[in-house]
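Trainee: how does the following fold in three dimensions:
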Amino acid sequence: MSIKNNYKKLTDAEKKVADYIVKNSSEVIVMSISELSEKSNSAKSAVIRCCKSLGFNGYSDLKISLAMELSKNKQLNYTPYISPDDNAGDILDKVFSANVKALHDTAEKTDRKVLQNVVDLLSLAKTVYIYGIGTSASLAREFQYRLMQFGYTAIYYTDVPSMKISTMNIKKGDVAIGISHSGRTIATVDALKLADNMGADTVCITSYPESEITKVSDYSIEIFSDEIQYPVEAVSARIAHLSIIDAICIALSAKNYESAIIRAKNAHDLVNTIRH
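Mentor: Predicted coordinates for the structure are as follows:
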């Protein structure tokens, strides 16, 4: 269960309930709805609405999912919060366990049919346009480099003017990919809208289902990251994003396995000729 992925669509009253659940998960699984209402200083109706908004049939359904999540977290040795009192070793353990959980949850919950559709789409693409700014810029660049290694024509754009101007060159048969952790990056959303207007197929990679970028994409691949509180945004989500990119590129290489092996060897030989 990921409250984080659906948190932004909750009302203020529902967020109050969700916040209490996240901070007191082990206690909530044995609470009645009246007890949770009292403990979170919320109305019973707010608890019920929160459950519905998070995608559950009701409070009992939420508690079952929460109990399963806690069991899985225990198996993964997952501790969700960093404390100011933690030393560097404690933080390393928590960061690594958060990253492992993000990968585990994303692999478990990713829609395999959508993933396959994206791979099939990219295998036939004339040109792949990849958009990402801020912390998504490095992912866009990495995606482009890997596609290029396997023989695909791919271009990445990480500044707003170039992103918009590039869409003037897009044609039917091209694929536009937007990477946005929040799903609300205006420039990336706008680029996909413009690409769609030009006839391209559109794909997004994001951490938030039903965010703005998913609404302008033909295919949406969503990351399920941890609830950990970092002083910087989305550390574990970036690991999951990169792993999705890896999965896509390796699946593409498997479609043309012999050619991919030859290209990988040639790329390795070329890199070895670079003088430092």
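
Trainee: Provide a list of residues in contact with Ala18.
Mentor: 3, 7, 10, 50, 54 (C-beta atoms under 8 Å, 6 or more residues apart in numbering). Placement of C-beta: from N, CA and C, glycine included.

Trainee: which of those residues fall in helices?
Mentor: Cys50 (DSSP state H).

Trainee: farthest pair within the contacts of Ala18?
Mentor: The largest separation in the contacts of Ala18, counting by C-beta to C-beta, is between Tyr7 and Cys50 at 10.5 Å.

Trainee: where do the strands sit along the protein?
Mentor: For the chain, the strands defined by DSSP state E cover 128-131, 154-157, 175-180, 201-206, 219-222.

Trainee: ranking those by burial, who's on top?
Mentor: strand 175-180 (a mean of 30; mean count of other C-beta atoms under 10 Å).

Trainee: each with direction, which strands does it pair with?
Mentor: Paired with strand 175-180 in the same sheet, following DSSP bridges, are strand 128-131 (parallel), strand 201-206 (parallel).

Trainee: and those strands as CSV, adding mean pLDDT and distance to Lys193?
Mentor: Shown next, in CSV, are these (pLDDT from 0 to 100; distance: least, C-beta to C-beta, whole Å):
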stretch, mean pLDDT, distance to Lys193
strand 128-131, 98, 11
strand 201-206, 97, 8
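
Trainee: in TSV, list the ones you listed along with distance to Asn256.
Mentor: TSV is the format used below for those (distance: least, C-beta to C-beta, whole Å):
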stretch	distance to Asn256
strand 128-131	15
strand 201-206	20
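
Trainee: closest one to Leu115 among the strands of the chain?
Mentor: strand 219-222 (6.4 Å).

Trainee: and that closest one, what does it pack onto?
Mentor: With contacts taken as 3 or more C-beta pairs under 8 Å, 6 or more residues apart in numbering; DSSP states H and E, strand 219-222 sits against helix 112-124, strand 201-206, helix 212-215.

Trainee: list the buried ones in the last one?
Mentor: Which is helix 212-215. For helix 212-215, burial by neighbour count (16 or more other C-beta atoms under 10 Å) applies to 212-214.

Trainee: quick one: that helix to chain centroid distance?
Mentor: 13 Å (C-alpha atoms, centre = their mean, to the nearest Å).

Trainee: show me the contact partners of it.
Mentor: Contacts for helix 212-215 (C-beta under 8 Å, 6+ apart): 178, 180, 183-185, 188-189, 192, 204, 206, 208, 220, 222.

Trainee: go again using 7 Å as the cut-off
Mentor: 178, 180, 183-184, 188-189, 192, 204, 206, 220 (C-beta atoms under 7 Å, 6 or more residues apart in numbering).

Trainee: what distance do you get for Pro84 to Lys23?
Mentor: To Lys23, Pro84 is 16 Å away according to C-beta to C-beta, to the nearest Å.

Trainee: compare these two (neighbour count), which wins?
Mentor: Lys23 (13 against 4; other C-beta atoms under 10 Å).
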